[in-house]
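Q: Need coordinates for the following:
(one chain, ligands or ions: 3)
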Amino acid sequence: MVLFSEDHIQETRRRGRIEVICGSMFSGKTEELIRRMKRAKFAKQRVEIFKPAIDTRYSEEDVVSHDSHSIASTPIDSSASILLFTSEIDVVGIDEAQFFDSGLVDVCNQLANNGIRVIVAGLDMDFKGNPFGPMPQLCAIADEVSKVHAICVKCGQLASFSHRTVKNEKQVLLGETSEYEPLCRECYLRAREEDEKQI
Ligand SMILES: Nc1ncnc2c1ncn2[C@@H]1O[C@H](COP(=O)(O)OP(=O)(O)O)[C@@H](O)[C@H]1O
Ligand SMILES: Cc1cn([C@H]2C[C@H](O)[C@@H](COP(=O)(O)O)O2)c(=O)[nH]c1=O
Ligand SMILES: [Zn+2]
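A: Ligands and ions are numbered 1, 2, ... in the order given. Just a heads-up that it's a prediction; the model follows:
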């Protein structure tokens, strides 16, 4: 089984495609995005990485993983801006895709149709377990979807859910270990039941 993208033909052939990396918080989405983008740079491909400007959690400019891996990026407010920066580019990386507008789906399709390799990382579900932003549509149009998993902090199983540990019902709330914990389905359901008892 190939765990991560090491299909070197797909990595280097200059043909458009869309790769989605999805999963819960702390599942390694950003690390995997950085890894693929760095490999593309080693292959002398022209790369550009974008993130939503609202994501100022670890850095205003860089894409940074929970384990402090980082890569320079261009923060943008709207998915349409991506098209302005990608005329001479071979590989486009997009982090925190769940925060982008629904136009991101068309933008990714346009890039891939123009021969660009597009690698998108994002949360597939919000803290309520609902699909997040344009991620479900991106998974639908992707050539390849990699679902990655964190480790459940309660039982050590694979975690697919991001449990919010602070009281706040807004869908968007930036945070890390003080606000969220990755849980497996069983531990997540139990934690949500406990949360509801406290309302
Ligand atoms: N419960 C956990 N399970 C797995 N990794 C964790 C956990 N808590 C912290 N981490 C750290 O998070 C890193 C992944 O960070 P990152 O790539 O930024 O994830 P994501 O973008 O999916 O939130 C791991 O390499 C590990 O060091
Ligand atoms: C579940 C959930 C998360 N967020 C925020 C919290 C973080 O700032 C990002 C996710 O970052 P990561 O790289 O995947 O760790 O999203 C949110 O706003 N709403 C949610 O429901
Ligand atoms: Zn668990």
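Q: any idea whether Pro136 is helix, strand or coil?
A: Using DSSP: H, G, I helix; E, B strand; the rest coil, the secondary structure recorded for Pro136 is helix.
Q: now swap in the one 3 residues further on and tell me
A: Three-state assignment for Cys139 (three-state DSSP): helix.
Q: Distance of it relative to ligand 2?
A: When CB to the nearest ligand atom, to the nearest Å is applied, the distance between Cys139 and ligand 2 equals 15 Å. (Glycine included, C-beta is placed from N, CA and C.)
Q: near ligand 2, which residues of the protein show up?
A: By the criterion of CB under 6 Å from any ligand atom, the positions of the chain lying close to ligand 2 are 25-26, 29-30, 57, 123, 126-127, 162, 171-175, 180.
Q: min pLDDT across those residues, which one?
A: Looking at pLDDT alone, those dip lowest at Arg57, where the score is 88.
Q: Looks like that residue contacts Leu173 (just checking).
A: No - with contact defined as CB atoms under 8 Å, Arg57 does not reach Leu173; the gap is 10.9 Å.
Q: ok, which residues in this protein are in contact with ligand 1?
A: Checking the chain against ligand 1 by CB under 6 Å from any ligand atom, the hits are 23, 25-31, 65-67, 150-151, 153, 182.
Q: Show me just the buried residues among the residues you listed.
A: 23, 25-31, 65-66, 150, 182 (16 or more other CB atoms under 10 Å).
Q: what about the strands in the protein?
A: Listed in chain order, the strands found in the chain under DSSP state E are 17-23, 47-52, 63-64, 70-71, 74-76, 91-94, 117-123, 144-148, 150-151, 158-159, 161-164, 180-183.
Q: can you map out the helices along this structure?
A: 8-12, 29-42, 81-84, 104-113, 135-141, 185-197 (DSSP state H).
Q: got the buried residues for the fourth one?
A: It stands for helix 104-113. Of the residues in helix 104-113, those scored as buried under the neighbour-count criterion (16+ other CB under 10 Å) are 104-105, 107-109, 111-112.
Q: got it, and the longest one?
A: Of the residues in helix 29-42, those with enough neighbours to count as buried (16+ other CB under 10 Å) are 29-37, 39-40.
Q: One more: stretch 134-142?
A: Residues of stretch 134-142 classed as buried by neighbour count (16+ other CB under 10 Å): 134-135, 137-139, 142.
Q: Give me the distance between that stretch and the centre of its chain.
A: The gap between the average C-alpha position of stretch 134-142 and the chain average comes to 12 Å, counting by CA atoms, centre = their mean, to the nearest Å.
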